[in-house]
Every structure is written in structure tokens, then in C-alpha cells.
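Colleague: Sequence first, then the predicted structure:
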Amino acid sequence: MLTLTQQQLSLKNACVQFMFAYQQRNVERMLSFCEPEGLVHFQPLGESGTGKIGELGKAIWSGLMDAFPDIDNTLDAAVAEPGNAVRCQVVIRGTQEKDFADIPNKGKHFDSDHIFIFHFNEQNKIDSISISWDHADFKRQLS
């Protein structure tokens, strides 16, 4: 039987708390688990989806919560990985009420699988987040 170290449990707990803050639409609380200068990469957005957690991450999450005021998530799995990393499988859903990025509001709902890979520094703060999802399907559901 595989047992997790106390460190791995602590990192997984921080990810669960991050996702819970996301579920509560509390960006400031989400950011409290992160190094503001850390890197976030919203993979499907390419180079324009890469930036600082405290800037780009905050802007995108705030924009999502504004455009999808009922945004919600379900954390299906959080798996500790080597090198102070945790991989989370998350379903994110919501109903669009405002235009978001290049997606005009049509009042439609989305339900999308996401993978978040969190990396932690020595102070147990998230210093990197990589997020992937099927962006074409996300846009299709909203059009």
C-alpha cells in the first residue's frame, strides 16, 4: 500500500483549499496559496496564456468569475507527484452571463474537464500552475 508523506499530504491539502476558494469565487484566497511572481500557464492559450500568477492568473480567474457568476468546480482527484508537485483533475462548469475574451455571451452553459498541475516552492507556496483543457470544446459549448 502506498502511503503519502506528511509533506505530500500538506501539498495536496493546499491544492484542495485552492480549488475550494475557486469554488467560492474568492480570487484573493486562491492567490493566498501562491507566490504572486510564480508562473501560470493556461496551455490552450499558448504564449498569451503564460504569465505571473498574481497578474495573468488573477485577471483570467476574475474575468471568468465575472462572466460566469455561477462558476463551480468539482475536484475529482489530487495526486502527489515527484518534485513537490500535485496533479488535480477538475471539472469546471458555469453559465455565461457576459462576454468573455473572444466568446460572446449567448447565455449557454459549459462543463469542462481540466488538469491543474501545481508546483510548490520550499515554503509550500504554489510557484507554478499549468492548466490544460479542451479549449475548442469549451468554445463549442458556449457558441
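Modeller: Perfect, thanks for sending it.
Colleague: so for the lengthiest helix in the chain, what's the average pLDDT?
Modeller: Scanning the chain for the longest helix, with DSSP state H as the assignment, gives helix 6-23. Averaged across helix 6-23, the pLDDT comes to 94.
Colleague: who touches the helix or strand following it?
Modeller: Sequence-wise, the next helix or strand downstream of helix 6-23 (DSSP states H and E) is helix 27-32. Contacts with helix 27-32, where a contact means CB atoms under 8 Å, 6 or more residues apart in numbering, come from 18, 21-22, 53-54, 57-58, 61-62, 65. Bear in mind the C-beta positions are built from the backbone N, C-alpha and C, glycine included.
Colleague: Let's see that with 7 Å instead.
Modeller: Around helix 27-32, the neighbours that count as contacts under CB atoms under 7 Å, 6 or more residues apart in numbering are 18, 21-22, 53-54, 58, 61-62, 65.
Colleague: just stretch 132-142 next, same as before
Modeller: Residues outside stretch 132-142 that contact it (CB under 7 Å, 6+ apart): 43-44, 96, 103, 106, 108, 110, 112-115.
Colleague: could you redo the last one with a cut-off of 6 Å?
Modeller: Under the contact criterion CB atoms under 6 Å, 6 or more residues apart in numbering, stretch 132-142 has outside partners 43-44, 96, 103, 108, 110, 112, 114-115.
Colleague: ok, now stretch 51-66?
Modeller: Contacts for stretch 51-66 (CB under 6 Å, 6+ apart): 25, 27, 34, 36-38, 40, 71.
Colleague: which of those residues are buried?
Modeller: Listed as buried from the contacts of stretch 51-66 are 25, 27, 34, 38, 40, 71; burial here means 16 or more other CB atoms under 10 Å.
Colleague: what about the chain, any weak spots by pLDDT?
Modeller: Across the chain, residues meeting the criterion (pLDDT under 70) sit at 1-4.
Colleague: Filter the contacts of stretch 132-142 down to the buried ones and express that as a PyMOL selection.
Modeller: A single PyMOL command selects the buried members of those (16+ other CB under 10 Å):
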select buried, resi 96+103+110+112+114
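Colleague: Closest one to residue 6 out of the contacts of stretch 132-142, please.
Modeller: residue 115 (25.2 Å; CB to CB).
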